[in-house]
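Q: Generate coordinates for the sequence data below:
(4 chains)
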Protein chains: 2
Amino acid sequence: MVGKVENTGMKVARPTKTLRELALGNLRDAILDGVFKPSDRLVERDLCEQLGVSRTIVREVLRHLESEGLVSTQPGKGPIVAPLDSDIAQQIYEVRGALEAMAAQLCAESDDPSIVPALEAALAGIHDGYIQSDQAKVLNSTSEFYRVMFSKVNRHVAWDIVNMLTVRINHLRSMTIQTGNRDVNGPAEMAAIVEAIKARDGALAYRAAADHVVSAAAIAMAIFADRQQD
Amino acid sequence: MVGKVENTGMKVARPTKTLRELALGNLRDAILDGVFKPSDRLVERDLCEQLGVSRTIVREVLRHLESEGLVSTQPGKGPIVAPLDSDIAQQIYEVRGALEAMAAQLCAESDDPSIVPALEAALAGIHDGYIQSDQAKVLNSTSEFYRVMFSKVNRHVAWDIVNMLTVRINHLRSMTIQTGNRDVNGPAEMAAIVEAIKARDGALAYRAAADHVVSAAAIAMAIFADRQQD
DNA sequence: GGGCTGTACTTTGTATACCATATTACCCTA
DNA sequence: TAGGGTAATATGGTATACAAAGTACAGCCC
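A: Take a look at the predicted model:
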C-alpha cells in the first residue's frame, strides 16, 4: 500500500462548479427555453443583473456559447441569440446522421451485451414520455438513447459534437416530436436501430440510424416551410 | 428596388477584427507552433504580458480555446494546454473520416464542374510542398483540399467541425507527413478521391476518402506507439 | 538525510469602476 | 415629414482589488 492512496470513499464530493459554469448552464437553458428568442440582443449589463454575476463572467459565458453556435456576435453591435436557418439546420441533421450511423454500426459490431438492454430502457423512456405527453421526457430519453450508443463504444468525441449540434436545433426537436404521428414513427425507427444492433448487423444499423435522422430532418424542413408561409 | 439594398460592392471592408480575435489567433498559433507544450500551464497574467492585452481578453480567449479542445481547465488550478492521448486522436481521425467521406461522396454526386479543377490545384500544391520539402505548404494545401471539398457542396457546418478537430491533431499531422514514403502514398490516396469524384462515383469517393483518413490515422497511432517506448 | 509542516507567495475566480468609441434612439427643426 | 444633430446606450477594452485555492519552500523534527 505504499505510495498508493486507497479509495476510502471519504473524498469530499465538492460541487467544484465555478460560478461561470453555473451561469453558462443558466443562460444556455434560458436560450433553449425561449426566454431569449433568436436574434434577440443579449445585453451584457442586463445579463449581469439577470444572472447575478459580474460582467467578466457574462463575457466568458457569451464567448463559450458563441463557440457552441448558440450565440453570434457582430463586432461593435454585441451578441445576439443566433438565428437558425433551414440550411444550417439541414446541415446539422446531416452531420448528426453521419455520426449516429457510425455509432450505431459500432454498437452492432460490439461484443458488449449491455448495449441492447440500455438502449431498450431509453426507448421505453421515450415511449412513456409520449404516453404521458411529457415532451421533456421524450427529449431527455432520446438524448439518453444516443448517449448510450456513443458511450457504450467509447466515442465521447463524436458524442460531444452531436450534443453540441443538438442544442442548436433543440426547438426544432420539440416541434418535431409533436408532429403528426411522430409518436408512432419515431420510436419505431429507433426500435429498428436496436433490432439491427441486436442482430449484430452493422450495415443495417448504420442505415437504420441514418434513415431515422433523415426522417426527422424532413419533418424539421416541413416546419421551416410552414413558417415561411406566415 | 424599394426596400431592397443592392449589393454595390461599395461597402467599406473594415478589418473589424476585435482585439480578442487577434489575441485568439496569436495564442492558438503559439500553441500549435509548440511555444506552449501539452500540459504546460497557461498563466493568465503571463499571457496578458505576452499578448499585450488585458486579463478580460485573455480569459475570453482561453474560454474559446477550451471549447475548441485545445486548452483544458481544472477548476481552481487554471488552464493548461490540453494533452492529446492516442484514444482521443483516434476518435478525431474517425470523425474526420466520417465527415470527409460524406463530403467526397457529395462532391462526386454534384454537377459542379469546378470541383475537380479546384481539387487538382490543391493536390498540385501538396505535391509542390513535398518537392520543396515545405512542410507548411503541404499542410496548408491539404487543408485547402478539404476546404474545397466541403465548401463546393456548401457544407460549412461540417467543415467547421473538421477544422476544429484538425487543429487538435496538428502536430500529429506534421509528423505524419514526414513519415516513410508518405510523400508518395498520401498524394496518391488523395488523387484516388479526385478520380472517384471525376468518375461521378459517390460510393467510391466515399471509400477513397475514408481509406485515406484510416491510413493517416494508422501512421499517427504508430507515432504514439513509438513515443511510448521512449 | 528524509519526511512533515507551516508560512509566504502565486494564481485563480470574481467583482467593480472607468474610458473611448460605435450604435441607436430621440427630438427638434425646417 | 424628412433630415440632421444630439443625447443615451452598449460595446470593447483596461485597470484594480480581494478572497480563496493552490504551490513552493524553508525549516523543523526525527
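Q: for chain B, what are the nearby residues on chain A?
A: Within chain A, the positions near chain B by CB under 8 Å from any CB of the partner chain are A:16-18, A:56, A:59-60, A:63-64, A:66-68, A:75-76, A:87-88, A:91-92, A:94-95, A:98-99, A:102, A:154-158, A:161, A:165. C-beta here means a position set from N, CA and C on the backbone, and glycine is covered the same way.
Q: filter those down to the ones near DNA strand C?
A: Within the set of the residues of chain A next to chain B, contact with DNA strand C (CB under 7 Å from any atom of the strand) is found for A:Thr18, A:Thr56, A:Gly76.
Q: Which helix runs longest in chain A?
A: Of all the segments of type helix in chain A, defined by DSSP state H, the longest one is helix A:202-229.
Q: What is the burial count for A:Ser114?
A: 10 (other CB atoms under 10 Å in any protein chain shown).
Q: got a list of what it touches?
A: When contacts are counted by CB atoms under 8 Å, 6 or more residues apart in numbering or on different chains, A:Ser114 touches A:Lys152.
Q: Spell out which parts of chain A neighbour DNA strand C.
A: Residues of chain A found near DNA strand C (CB under 7 Å from any atom of the strand) are A:Thr18, A:Leu19, A:Arg20, A:Gly52, A:Val53, A:Ser54, A:Arg55, A:Thr56, A:Ile57, A:Gly76, A:Lys77.
Q: that older thread, among the residues of chain A next to chain B, which lie within helices?
A: Using DSSP H, these in helices are A:56, A:59-60, A:63-64, A:66-68, A:87-88, A:91-92, A:94-95, A:98-99, A:102, A:156-158, A:161, A:165.
Q: out of these, who's near DNA strand D?
A: With CB under 7 Å from any atom of the strand as the criterion, these include A:Thr56 near DNA strand D.
Q: List buried members of the ones in helices among the residues of chain A next to chain B by neighbour count.
A: Neighbour-count burial (16 or more other CB atoms under 10 Å in any protein chain shown) is assigned, among those, to A:59-60, A:63-64, A:66-68, A:88, A:91-92, A:94-95, A:98-99, A:102, A:157-158, A:161, A:165.
Q: sorry, back to before: by pLDDT, rank the ones next to DNA strand C among the residues of chain A next to chain B and give me the bottom one.
A: Across those, the smallest pLDDT goes to A:Gly76, namely 86.
Q: in chain A, what spans have low per-residue confidence?
A: Flagging of chain A using pLDDT under 70 yields the residue ranges A:1-16, A:229-230.
Q: repeat that for 80
A: Residue ranges of chain A with pLDDT under 80: A:1-16, A:180-184, A:228-230.
Q: Residue of it closest to DNA strand D, please.
A: Nearest residue of chain A to DNA strand D (CB to the nearest atom of the strand) works out as A:Gly78 at 2.8 Å.
Q: who's in contact with that residue?
A: Taking CB under 8 Å, 6+ apart, we find A:Gly78 in contact with A:Arg41, A:Leu42, A:Val43, A:Glu44.
Q: among those residues, who's most crowded?
A: Per-residue neighbour counts (other CB under 10 Å) across these peak at A:Leu42, which has 21 neighbours.
Q: sec struct for the closest residue to it other than its chain neighbours, please.
A: Nearest non-adjacent residue to A:Leu42, counting by CB to CB, 6 or more residues apart in numbering or on different chains: A:Pro79, 4.5 Å away. The three-state label given to A:Pro79 by DSSP: H, G, I helix; E, B strand; the rest coil is strand.
Q: same for the helix or strand containing A:Val116, what does it pack against?
A: For A:Val116, the element it lies in under DSSP states H and E is helix A:115-131. When contacts are defined as 3 or more CB pairs under 8 Å, 6 or more residues apart in numbering or on different chains; DSSP states H and E, helix A:115-131 packs onto helix A:135-152, helix A:182-198.
Q: export those to TSV and tack on mean neighbour count?
A: Below are these laid out as TSV (neighbours: other CB atoms under 10 Å in any protein chain shown):
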stretch	mean neighbour count
helix A:135-152	19
helix A:182-198	19
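Q: Let me know which of these is the nearest to B:Phe150.
A: Evaluated with CB to CB, these place helix A:135-152 nearest to B:Phe150, the distance being 23.1 Å.
Q: tell me what that closest one is packed against?
A: helix A:86-108, helix A:115-131, helix A:156-168, helix A:170-176.
Q: Just name the most buried of those.
A: Mean neighbours per residue, mean count of other CB atoms under 10 Å in any protein chain shown, is largest over those for helix A:86-108, with a mean of 22.
Q: Taking helix A:182-198 as reference, get the angle to it.
A: Counting by axes from the mean of the first three to the mean of the last three CA atoms, to 10 degrees, helix A:86-108 lies at 40 degrees to helix A:182-198.
Q: Could you check the angle helix A:86-108 makes with helix B:156-168?
A: Going by the same axes, to 10 degrees, helix A:86-108 makes 60 degrees with helix B:156-168.
Q: now helix A:86-108, how far from the centre of its chain.
A: 12 Å (CA atoms, centre = their mean, to the nearest Å).
Q: got the CA coordinates for it in CSV?
A: C-alpha atoms of helix A:86-108 as CSV (Å, rounded to 0.1, in the frame of the first residue of the first chain):
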residue,chain,number,x,y,z
SER,A,86,-33.1,25.9,-42.6
ASP,A,87,-29.8,25.4,-44.5
ILE,A,88,-27.9,25.2,-41.2
ALA,A,89,-30.5,23.0,-39.6
GLN,A,90,-30.3,20.7,-42.6
GLN,A,91,-26.5,20.5,-42.3
ILE,A,92,-26.7,19.8,-38.6
TYR,A,93,-29.1,16.9,-39.2
GLU,A,94,-26.8,15.6,-41.9
VAL,A,95,-23.7,15.6,-39.6
ARG,A,96,-25.7,14.0,-36.8
GLY,A,97,-26.8,11.4,-39.3
ALA,A,98,-23.3,10.6,-40.3
LEU,A,99,-22.1,10.3,-36.7
GLU,A,100,-25.1,8.5,-35.3
ALA,A,101,-25.0,6.0,-38.1
MET,A,102,-21.3,5.4,-37.3
ALA,A,103,-22.1,4.9,-33.6
ALA,A,104,-25.0,2.5,-34.4
GLN,A,105,-22.7,0.4,-36.6
LEU,A,106,-20.1,0.3,-34.0
CYS,A,107,-22.7,-0.8,-31.4
ALA,A,108,-23.9,-3.6,-33.8
